[in-house]
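Here you go, sequence then predicted model.
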Amino acid sequence: MDAHASAGHAELEIPYNVHPRPDTGLYNGKLGVWLFLASEVMLFGALFSSLILLRTGAESWPRGYEFLNVKLATFNTFILILSSVTVVMAWSHLRLGDLKKGRIYISATVLCALIFLTAKAFEYSHEFQEGRFPKTNNFLAIYFTMTGLHGLHILGGVIVFLYFLGPGAKMWAKEPERYTNRIEIVGLYWHFVDLVWIFLFPILYLM
Amino acid sequence: MTDPAAAVEPGVDVHEHAGVGDPNAHHSPEQIRKEMKVYLTVFVGLAILTAVTVGACYGLNLPVHQAILVALIIASIKGFLVAGFFMHLLSEKKVIYGVLILTVIFFIFLMTLPISHHANPFGS
(Lines give C-alpha, C1' and ligand atoms only; values in the text may rest on other atoms or scores of the structure.)
Protein backbone atom coordinates (compact mmCIF):
# COMPACT_ATOMS: atom_id res chain seq x y z
CA MET A 1 0.00 0.00 0.00
CA ASP A 2 1.23 3.45 -0.95
CA ALA A 3 -0.17 5.29 2.06
CA HIS A 4 2.36 5.14 4.85
CA ALA A 5 -0.11 5.06 7.69
CA SER A 6 2.18 5.48 10.67
CA ALA A 7 1.07 4.84 14.22
CA GLY A 8 -0.85 7.77 15.63
CA HIS A 9 -1.36 9.31 12.20
CA ALA A 10 -5.10 9.80 12.29
CA GLU A 11 -5.51 11.42 8.88
CA LEU A 12 -6.71 8.99 6.21
CA GLU A 13 -4.39 8.99 3.23
CA ILE A 14 -5.65 8.20 -0.23
CA PRO A 15 -3.63 5.25 -1.53
CA TYR A 16 -1.57 5.16 -4.73
CA ASN A 17 -1.40 8.92 -5.24
CA VAL A 18 2.28 8.79 -5.98
CA HIS A 19 3.45 5.25 -6.52
CA PRO A 20 1.78 2.90 -8.99
CA ARG A 21 -0.68 0.22 -7.97
CA PRO A 22 0.88 -3.21 -8.45
CA ASP A 23 -2.04 -4.46 -10.56
CA THR A 24 -2.44 -1.53 -12.98
CA GLY A 25 1.13 -0.21 -12.91
CA LEU A 26 -0.34 3.31 -12.65
CA TYR A 27 -1.08 5.73 -9.85
CA ASN A 28 -4.84 6.13 -9.42
CA GLY A 29 -5.09 9.71 -10.70
CA LYS A 30 -3.61 8.73 -14.02
CA LEU A 31 -6.00 5.85 -14.60
CA GLY A 32 -8.82 8.18 -13.53
CA VAL A 33 -7.90 10.85 -16.02
CA TRP A 34 -7.66 8.30 -18.85
CA LEU A 35 -11.18 7.05 -18.03
CA PHE A 36 -12.34 10.68 -18.04
CA LEU A 37 -10.65 11.22 -21.42
CA ALA A 38 -12.42 8.12 -22.77
CA SER A 39 -15.74 9.76 -21.85
CA GLU A 40 -14.55 12.97 -23.51
CA VAL A 41 -13.81 11.05 -26.72
CA MET A 42 -17.45 9.93 -26.73
CA LEU A 43 -18.68 13.48 -26.04
CA PHE A 44 -16.78 15.00 -28.96
CA GLY A 45 -17.37 11.82 -30.99
CA ALA A 46 -21.13 12.39 -30.74
CA LEU A 47 -20.66 15.91 -32.10
CA PHE A 48 -18.39 14.73 -34.94
CA SER A 49 -21.01 12.08 -35.75
CA SER A 50 -23.70 14.80 -35.81
CA LEU A 51 -21.54 16.89 -38.12
CA ILE A 52 -21.19 13.97 -40.56
CA LEU A 53 -24.94 13.34 -40.40
CA LEU A 54 -25.80 16.99 -41.02
CA ARG A 55 -23.25 17.37 -43.80
CA THR A 56 -24.09 14.18 -45.69
CA GLY A 57 -27.81 14.90 -45.38
CA ALA A 58 -27.60 18.50 -46.60
CA GLU A 59 -28.24 19.47 -50.22
CA SER A 60 -25.65 22.21 -49.94
CA TRP A 61 -23.06 22.83 -47.25
CA PRO A 62 -21.15 26.09 -46.68
CA ARG A 63 -17.36 25.98 -47.06
CA GLY A 64 -15.78 27.23 -43.85
CA TYR A 65 -12.77 28.76 -45.63
CA GLU A 66 -15.05 31.06 -47.64
CA PHE A 67 -16.05 33.14 -44.61
CA LEU A 68 -14.21 31.90 -41.48
CA ASN A 69 -10.87 33.44 -40.52
CA VAL A 70 -8.45 30.67 -41.62
CA LYS A 71 -5.33 32.74 -40.86
CA LEU A 72 -6.40 33.34 -37.28
CA ALA A 73 -7.38 29.68 -36.85
CA THR A 74 -3.98 28.58 -38.22
CA PHE A 75 -2.29 30.93 -35.75
CA ASN A 76 -4.43 29.42 -32.98
CA THR A 77 -3.40 25.92 -34.06
CA PHE A 78 0.28 26.86 -33.70
CA ILE A 79 -0.44 28.41 -30.29
CA LEU A 80 -2.20 25.28 -29.06
CA ILE A 81 0.61 23.01 -30.31
CA LEU A 82 3.09 25.31 -28.56
CA SER A 83 1.06 25.04 -25.34
CA SER A 84 1.21 21.25 -25.58
CA VAL A 85 4.98 21.32 -25.72
CA THR A 86 5.23 23.84 -22.87
CA VAL A 87 3.15 21.64 -20.57
CA VAL A 88 5.23 18.56 -21.32
CA MET A 89 8.39 20.63 -20.73
CA ALA A 90 6.93 21.79 -17.40
CA TRP A 91 6.40 18.16 -16.39
CA SER A 92 9.95 17.25 -17.48
CA HIS A 93 11.48 20.09 -15.44
CA LEU A 94 9.44 19.08 -12.40
CA ARG A 95 10.75 15.52 -12.79
CA LEU A 96 14.24 17.04 -12.73
CA GLY A 97 13.29 18.74 -9.45
CA ASP A 98 13.26 22.25 -10.93
CA LEU A 99 10.06 23.91 -9.67
CA LYS A 100 11.07 27.35 -10.95
CA LYS A 101 11.37 26.24 -14.58
CA GLY A 102 8.31 24.03 -14.18
CA ARG A 103 6.27 27.07 -13.15
CA ILE A 104 7.66 29.16 -15.98
CA TYR A 105 6.50 26.56 -18.49
CA ILE A 106 3.08 26.23 -16.80
CA SER A 107 2.75 30.03 -16.99
CA ALA A 108 3.69 29.87 -20.69
CA THR A 109 0.94 27.27 -21.18
CA VAL A 110 -1.61 29.55 -19.50
CA LEU A 111 -0.44 32.47 -21.66
CA CYS A 112 -0.88 30.37 -24.82
CA ALA A 113 -4.37 29.35 -23.67
CA LEU A 114 -5.35 32.97 -23.04
CA ILE A 115 -4.03 34.00 -26.48
CA PHE A 116 -6.09 31.18 -28.01
CA LEU A 117 -9.26 32.28 -26.18
CA THR A 118 -8.71 35.94 -27.09
CA ALA A 119 -8.32 35.04 -30.77
CA LYS A 120 -11.44 32.87 -30.57
CA ALA A 121 -13.40 35.71 -28.95
CA PHE A 122 -12.25 38.02 -31.75
CA GLU A 123 -13.43 35.45 -34.32
CA TYR A 124 -16.82 35.04 -32.65
CA SER A 125 -17.30 38.78 -32.42
CA HIS A 126 -16.52 39.12 -36.14
CA GLU A 127 -19.02 36.38 -37.02
CA PHE A 128 -21.73 38.06 -34.93
CA GLN A 129 -21.02 41.44 -36.54
CA GLU A 130 -21.46 39.80 -39.94
CA GLY A 131 -24.83 38.43 -38.83
CA ARG A 132 -23.66 34.82 -38.56
CA PHE A 133 -25.22 33.18 -35.50
CA PRO A 134 -25.79 29.54 -34.45
CA LYS A 135 -29.40 29.86 -35.66
CA THR A 136 -28.30 31.01 -39.14
CA ASN A 137 -27.69 27.53 -40.56
CA ASN A 138 -26.66 23.99 -39.56
CA PHE A 139 -22.99 24.60 -40.34
CA LEU A 140 -22.81 27.58 -37.99
CA ALA A 141 -24.85 25.71 -35.35
CA ILE A 142 -22.35 22.83 -35.26
CA TYR A 143 -19.39 25.25 -35.66
CA PHE A 144 -20.37 27.31 -32.62
CA THR A 145 -21.31 24.18 -30.60
CA MET A 146 -18.03 22.38 -31.23
CA THR A 147 -15.66 25.35 -30.99
CA GLY A 148 -17.63 26.69 -27.99
CA LEU A 149 -17.38 23.36 -26.15
CA HIS A 150 -13.70 23.18 -27.05
CA GLY A 151 -13.22 26.73 -25.76
CA LEU A 152 -14.87 25.76 -22.47
CA HIS A 153 -12.38 22.90 -22.17
CA ILE A 154 -9.54 25.39 -22.70
CA LEU A 155 -11.02 27.60 -19.99
CA GLY A 156 -11.27 24.60 -17.64
CA GLY A 157 -7.62 23.77 -18.27
CA VAL A 158 -6.59 27.37 -17.54
CA ILE A 159 -8.41 27.27 -14.18
CA VAL A 160 -6.64 24.03 -13.20
CA PHE A 161 -3.22 25.34 -14.30
CA LEU A 162 -3.77 28.58 -12.35
CA TYR A 163 -4.65 26.51 -9.29
CA PHE A 164 -1.37 24.59 -9.58
CA LEU A 165 0.55 27.82 -10.10
CA GLY A 166 -1.09 29.35 -7.03
CA PRO A 167 -2.46 27.53 -3.97
CA GLY A 168 -1.87 24.05 -5.43
CA ALA A 169 1.89 24.69 -5.62
CA LYS A 170 2.13 24.30 -1.85
CA MET A 171 2.02 20.54 -2.47
CA TRP A 172 5.54 20.75 -3.93
CA ALA A 173 7.09 21.50 -0.54
CA LYS A 174 5.74 18.33 1.09
CA GLU A 175 5.12 15.97 -1.84
CA PRO A 176 7.03 17.03 -4.96
CA GLU A 177 6.42 13.73 -6.73
CA ARG A 178 2.66 13.99 -6.18
CA TYR A 179 2.69 17.56 -7.52
CA THR A 180 4.63 16.35 -10.57
CA ASN A 181 2.03 13.63 -11.13
CA ARG A 182 -0.74 16.21 -10.94
CA ILE A 183 0.92 18.24 -13.67
CA GLU A 184 1.30 15.08 -15.75
CA ILE A 185 -2.42 14.30 -15.61
CA VAL A 186 -3.47 17.91 -16.25
CA GLY A 187 -1.07 17.71 -19.18
CA LEU A 188 -2.81 14.59 -20.49
CA TYR A 189 -6.10 16.48 -20.43
CA TRP A 190 -4.44 19.42 -22.16
CA HIS A 191 -2.98 17.26 -24.93
CA PHE A 192 -6.44 15.79 -25.49
CA VAL A 193 -7.86 19.31 -25.92
CA ASP A 194 -5.06 19.96 -28.44
CA LEU A 195 -5.90 16.67 -30.18
CA VAL A 196 -9.56 17.68 -30.58
CA TRP A 197 -8.51 21.00 -32.14
CA ILE A 198 -6.16 19.19 -34.55
CA PHE A 199 -9.27 17.54 -36.07
CA LEU A 200 -11.66 20.47 -35.62
CA PHE A 201 -9.39 22.87 -37.50
CA PRO A 202 -9.34 21.14 -40.93
CA ILE A 203 -12.92 19.84 -40.68
CA LEU A 204 -14.50 23.21 -39.88
CA TYR A 205 -12.11 25.69 -41.48
CA LEU A 206 -10.53 23.99 -44.49
CA MET A 207 -13.25 21.78 -46.00
CA MET B 1 23.02 -10.77 -23.82
CA THR B 2 23.28 -8.58 -20.73
CA ASP B 3 20.08 -6.84 -19.63
CA PRO B 4 20.84 -3.10 -19.82
CA ALA B 5 18.45 -2.50 -16.94
CA ALA B 6 20.74 -4.47 -14.64
CA ALA B 7 23.56 -1.99 -15.16
CA VAL B 8 21.67 1.04 -13.86
CA GLU B 9 20.03 2.09 -10.63
CA PRO B 10 17.09 -0.19 -9.69
CA GLY B 11 13.76 1.30 -10.75
CA VAL B 12 15.33 3.46 -13.43
CA ASP B 13 13.70 2.84 -16.79
CA VAL B 14 16.02 2.27 -19.72
CA HIS B 15 13.43 0.79 -22.06
CA GLU B 16 12.08 3.34 -24.45
CA HIS B 17 10.10 3.66 -27.65
CA ALA B 18 11.13 6.28 -30.20
CA GLY B 19 13.15 8.15 -27.58
CA VAL B 20 10.39 8.31 -24.97
CA GLY B 21 10.48 5.90 -22.02
CA ASP B 22 7.71 4.50 -19.83
CA PRO B 23 6.29 7.62 -18.13
CA ASN B 24 5.43 5.59 -15.03
CA ALA B 25 9.03 4.58 -14.32
CA HIS B 26 11.81 6.62 -12.74
CA HIS B 27 14.13 8.14 -15.30
CA SER B 28 17.66 9.43 -14.94
CA PRO B 29 18.18 13.19 -15.54
CA GLU B 30 20.00 12.30 -18.79
CA GLN B 31 16.98 10.32 -19.99
CA ILE B 32 14.62 13.17 -19.11
CA ARG B 33 16.79 15.72 -21.00
CA LYS B 34 16.89 13.35 -23.97
CA GLU B 35 13.08 13.13 -23.89
CA MET B 36 12.82 16.93 -23.82
CA LYS B 37 14.74 17.03 -27.11
CA VAL B 38 12.26 14.50 -28.54
CA TYR B 39 9.34 16.73 -27.45
CA LEU B 40 10.88 19.75 -29.18
CA THR B 41 11.44 17.72 -32.35
CA VAL B 42 7.80 16.57 -32.27
CA PHE B 43 6.71 20.19 -31.83
CA VAL B 44 8.63 21.22 -34.96
CA GLY B 45 7.04 18.29 -36.83
CA LEU B 46 3.55 19.35 -35.72
CA ALA B 47 4.17 22.96 -36.77
CA ILE B 48 5.37 21.87 -40.22
CA LEU B 49 2.38 19.54 -40.65
CA THR B 50 0.00 22.38 -39.74
CA ALA B 51 1.57 24.55 -42.45
CA VAL B 52 1.31 21.63 -44.91
CA THR B 53 -2.40 21.15 -44.05
CA VAL B 54 -3.20 24.79 -44.77
CA GLY B 55 -1.01 24.82 -47.90
CA ALA B 56 -2.56 21.64 -49.29
CA CYS B 57 -6.19 22.49 -48.58
CA TYR B 58 -6.25 26.27 -48.87
CA GLY B 59 -3.45 27.14 -51.26
CA LEU B 60 -3.42 24.30 -53.80
CA ASN B 61 -7.15 24.51 -54.65
CA LEU B 62 -7.51 20.73 -54.59
CA PRO B 63 -10.87 19.15 -55.43
CA VAL B 64 -13.00 18.88 -52.28
CA HIS B 65 -12.73 15.10 -51.87
CA GLN B 66 -8.92 15.24 -52.26
CA ALA B 67 -8.67 18.17 -49.83
CA ILE B 68 -10.73 16.25 -47.25
CA LEU B 69 -8.54 13.16 -47.67
CA VAL B 70 -5.28 15.14 -47.38
CA ALA B 71 -6.53 17.11 -44.36
CA LEU B 72 -7.69 13.97 -42.53
CA ILE B 73 -4.45 12.07 -43.26
CA ILE B 74 -2.32 14.96 -41.96
CA ALA B 75 -4.60 15.43 -38.93
CA SER B 76 -4.25 11.71 -38.17
CA ILE B 77 -0.44 11.94 -38.33
CA LYS B 78 -0.53 14.97 -36.03
CA GLY B 79 -2.88 13.12 -33.70
CA PHE B 80 -0.49 10.17 -33.62
CA LEU B 81 2.41 12.49 -32.72
CA VAL B 82 0.50 14.17 -29.89
CA ALA B 83 -0.93 10.92 -28.49
CA GLY B 84 2.22 8.87 -29.02
CA PHE B 85 4.83 11.29 -27.71
CA PHE B 86 3.17 13.99 -25.59
CA MET B 87 0.63 11.58 -24.04
CA HIS B 88 3.21 8.74 -24.02
CA LEU B 89 0.89 6.20 -25.59
CA LEU B 90 3.88 4.60 -27.32
CA SER B 91 5.10 3.34 -23.96
CA GLU B 92 2.08 3.16 -21.65
CA LYS B 93 0.62 0.41 -19.50
CA LYS B 94 -1.67 -2.30 -20.86
CA VAL B 95 -4.66 -1.15 -18.78
CA ILE B 96 -4.68 2.19 -20.64
CA TYR B 97 -4.54 0.41 -24.00
CA GLY B 98 -7.51 -1.69 -22.82
CA VAL B 99 -9.53 1.43 -21.96
CA LEU B 100 -8.64 3.03 -25.28
CA ILE B 101 -9.47 -0.05 -27.37
CA LEU B 102 -12.96 -0.04 -25.85
CA THR B 103 -13.23 3.68 -26.53
CA VAL B 104 -12.15 3.23 -30.16
CA ILE B 105 -14.77 0.49 -30.68
CA PHE B 106 -17.54 2.77 -29.37
CA PHE B 107 -16.14 5.73 -31.33
CA ILE B 108 -16.20 3.73 -34.59
CA PHE B 109 -19.79 2.74 -33.79
CA LEU B 110 -20.67 6.43 -33.33
CA MET B 111 -19.03 7.36 -36.64
CA THR B 112 -20.88 4.62 -38.52
CA LEU B 113 -24.28 5.75 -37.20
CA PRO B 114 -24.67 8.46 -39.88
CA ILE B 115 -23.79 5.91 -42.59
CA SER B 116 -26.34 3.42 -41.28
CA HIS B 117 -28.91 6.23 -41.21
CA HIS B 118 -28.46 6.87 -44.94
CA ALA B 119 -28.44 3.13 -45.71
CA ASN B 120 -31.65 2.49 -43.74
CA PRO B 121 -34.20 1.18 -46.26
CA PHE B 122 -37.04 1.75 -43.77
CA GLY B 123 -36.12 5.36 -43.09
CA SER B 124 -38.58 8.00 -44.14
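Cool, got the structure. Numbers count the residues shown, from 1 in each chain, chains lettered A, B, ... in the order given.

give me the low-pLDDT residue ranges for chain A?
Low-confidence segments of chain A, defined by pLDDT under 70, are located at A:1-11.

What ranges does it have for its strands?
When secondary structure is read from DSSP state E, chain A shows no strands.

Which residue, neighbours along the chain excluded, lies closest to A:Leu117?
A:Ile154 (5.9 Å; C-beta to C-beta, 6 or more residues apart in numbering or on different chains). C-beta here means a position set from N, CA and C on the backbone, and glycine is covered the same way.

how far away is that neighbour from A:Asn69?
Counting by C-beta to C-beta, to the nearest Å, the gap between A:Ile154 and A:Asn69 amounts to 17 Å.

More neighbours: which of those two?
It is A:Ile154, of A:Ile154 and A:Asn69, that has more neighbours when counted by other C-beta atoms under 10 Å in any protein chain shown, with 20 against 17.

Check whether the more buried one really touches A:Asp194, as I assumed.
No: counting by C-beta atoms under 8 Å, A:Ile154 does not reach A:Asp194; the two are 9.7 Å apart.

what about stretch B:66-77, average pLDDT?
Mean pLDDT, stretch B:66-77: 88.

chain center to it, what's the gap?
15 Å (C-alpha atoms, centre = their mean, to the nearest Å).

Report whether it contacts chain A.
Yes: Stretch B:66-77 is in contact with chain A by C-beta under 8 Å from any C-beta of the partner chain, via B:67-68, B:71-72, B:74-75.

Can you get me a residue count around A:Glu175?
A:Glu175 sits with 14 neighbouring residues when counted by other C-beta under 10 Å.

Could you pull up the residues touching it?
Counting by C-beta atoms under 8 Å, 6 or more residues apart in numbering or on different chains, A:Glu175 touches A:17-18.

Torsion angles phi and psi at it?
In terms of degrees, to the nearest 10, the main-chain angles of A:Glu175 are phi -130, psi 80.

List only buried entries from the residues of stretch B:66-77 next to chain A.
With neighbours counted using 16 or more other C-beta atoms under 10 Å in any protein chain shown, the residues of stretch B:66-77 next to chain A contain these buried positions: B:67-68, B:71, B:74-75.

Just put these in JSON lines and tack on secondary structure.
As requested, these are arranged in JSON lines below (DSSP: H, G, I helix; E, B strand; the rest coil):
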{"residue": "B:Ala67", "secondary structure": "helix"}
{"residue": "B:Ile68", "secondary structure": "helix"}
{"residue": "B:Ala71", "secondary structure": "helix"}
{"residue": "B:Ile74", "secondary structure": "helix"}
{"residue": "B:Ala75", "secondary structure": "helix"}
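
Can you tell me which of the residues you listed is closest to chain A?
Using C-beta to the nearest C-beta, B:Ala71 comes nearest to chain A of those, at 3.6 Å.

Who are the contact partners of the closest one?
For B:Ala71, the contacting residues are A:202-203, A:206-207, B:53, B:56-57, by C-beta under 8 Å, 6+ apart.

Now the two most distant members of those.
When those are compared pair by pair using C-beta to C-beta, the two farthest from each other are A:Ile203 and B:Ala56, 14.4 Å apart.

Not counting residues beside it along the chain, what's closest to B:Tyr39?
Computed as C-beta to C-beta, 6+ apart, the closest residue to B:Tyr39 that is not its neighbour in sequence is A:Val88, at 5.1 Å.

quick one: the one you found and A:Leu54, what's the gap?
For A:Val88, the distance to A:Leu54 (C-beta to C-beta) stands at 35 Å.

Of these two, which one has the most company?
Neighbour totals were compared for A:Val88 and A:Leu54, and A:Val88 leads with 31 against 16 (other C-beta under 10 Å).

which residues does the more buried one contact?
With contacts defined as C-beta under 8 Å, 6+ apart, A:Val88 is in contact with A:187, A:191, B:39, B:86.
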